[in-house]
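J.: pasting the structure only:
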């Protein structure tokens with residue numbers, strides 16, 4: 001009887017020990033899994049930190065590049081403004097007596113036009129039918145460009161980039177406004193790019209016609225003047241296009257601020 005009790009007690013102890021060993025093993029397995037997960041999370045965190053540092057460096061470089069572009073743009077604006085002013089004075093001083101060919105203005109066709117006088121408001125000239133004068137805004141675009149005419153209040157350059165990124169408080173309207181600004185800016189750049197290509201084609205065609213005229217020993221002076229006017233227009237358009245492209249880069253730089 002005593003032996004049976006002792007054996008029974010030993011069996012119970014063995015069963016409890018086995019259960020404890022299983023629980024310990026289960027706990028050790030969970031600890032191993034937890035340590036593996038912790039190591040994975042630490043590795044992921046280190047990767048994210050490195051990526052964040054790279055993005056930070058790229059953002060700093062972008063800021064520096066945009067600031068440099070802004071300064072270069074200001075210099076370009078000053079240089080082009082100076083060039084345009086000098087060109088305007090020069091072409092208008094040389095205008096009296098200049099032959100500018102034929103053109104249509106205010107519904108009238110003027111043939112063999114020769115400039116008599118230019119003012120800030122209009123151009124006076126001789127033509128086959130007598131004398132006349134036309135306001136600058138009524139002239140064809142190529143003649144407006146040739147004599148460096150600008151509409152009153154017209155601004156060739158808008159360099160106040162800070163106003164581009166002004167965002168409303170509401171996040172939804174901010175996103176809509178940002179998308180609208182980007183679309184409008186890209187549309188303007190596309191239109192200006194198309195105009196640049198058109199002027200380049202006109203210059204190429206003028207060069208071809210001028211070359212043919214010289215080969216035939218014909219007077220190509222008017223053609224050369226027209227080509228010079230187109231070249232001045234091309235310089236102006238290309239400068240304005242670079243400005244609009246820089247404005248778009250500034251706008252896109254502030255996109256995260258608008259979306260938040």
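T.: Thanks, I have the structure now. As the structure is a prediction and not an experimental result, all values here were calculated from the model.
J.: residue ranges in the stretch 1-150 of the chain under the pLDDT threshold?
T.: 1-14, 62 (pLDDT under 70).
J.: would you quantify the distance from residue 243 to residue 72?
T.: Remark: distance between residue 243 and residue 72 (CB to CB, to the nearest Å) = 11 Å. C-beta here means a position set from N, CA and C on the backbone, and glycine is covered the same way.
J.: what about residue 21, helix or strand, and which?
T.: Applying DSSP states H and E as the criterion places residue 21 in helix 2-93.
J.: which one's more surrounded, residue 243 and residue 72?
T.: residue 243 (19 against 12; other CB atoms under 10 Å).
J.: any idea which element the more buried one lies in?
T.: helix 221-253.
J.: could you give the mean pLDDT of that helix?
T.: Across helix 221-253, the average pLDDT comes to 79.
J.: and it, how far out from the chain middle?
T.: Offset of helix 221-253 from its chain centre (CA atoms, centre = their mean, to the nearest Å): 14 Å.
J.: so what does that helix touch, helix or strand wise?
T.: Applying 3 or more CB pairs under 8 Å, 6 or more residues apart in numbering; DSSP states H and E, we find helix 221-253 packed against helix 2-93, strand 99-105, helix 141-146, helix 171-215.
J.: what residues sit buried inside that helix?
T.: 222-223, 225-227, 229-230, 232-234, 236-241, 243-248, 250-251, 253 (16 or more other CB atoms under 10 Å).
J.: repeat for stretch 90-98
T.: Buried residues in stretch 90-98, counting neighbours by 16+ other CB under 10 Å, are found at 91-92, 95, 98.
J.: now do residue 177 against residue 251, distance only.
T.: 11 Å.
J.: next, the buried residues of stretch 69-86.
T.: Within stretch 69-86, the residues scored as buried using 16+ other CB under 10 Å are 69-70, 73, 76-77, 80, 84.
J.: what does stretch 100-120 give?
T.: Quick answer for stretch 100-120 (16+ other CB under 10 Å): 100, 103, 105, 110, 113, 115-116, 118.
J.: and the end-to-end length of that stretch?
T.: 18 Å (CA to CA, to the nearest Å).
J.: give me the angle between the one helix or strand residue 126 maps to and helix 2-93.
T.: Per DSSP H and E: residue 126 is located in strand 122-127. Per axes from the mean of the first three to the mean of the last three CA atoms, to 10 degrees, the angle that strand 122-127 makes with helix 2-93 is 50 degrees.
J.: and the helices and strands packed on helix 221-253: which comes nearest residue 131?
T.: Across the helices and strands packed on helix 221-253, the minimum distance to residue 131, taken as CB to CB, is reached by strand 99-105, at 14.1 Å.
J.: for that closest one, packing partners?
T.: Under the contact rule (3+ CB pairs under 8 Å, 6+ apart), strand 99-105 is packed against strand 108-118, helix 141-146, helix 221-253.
J.: so what's the gap between that strand and the chain middle?
T.: Taking CA atoms, centre = their mean, the mean C-alpha location of strand 99-105 is offset from the chain mean by 36 Å.
J.: run me through the strand neighbours of it, direction for each.
T.: Using DSSP bridges, the strands paired with strand 99-105 in its sheet are strand 108-118 (antiparallel).
J.: ok, so what distance separates the nearest residue to residue 249 once chain neighbours are set aside from residue 252?
T.: Closest residue to residue 249 apart from its sequence neighbours, by CB to CB, 6 or more residues apart in numbering: residue 66 at 6.3 Å. The span separating residue 66 from residue 252 equals 10 Å under the rule CB to CB.
J.: thanks again, I'm all set now.
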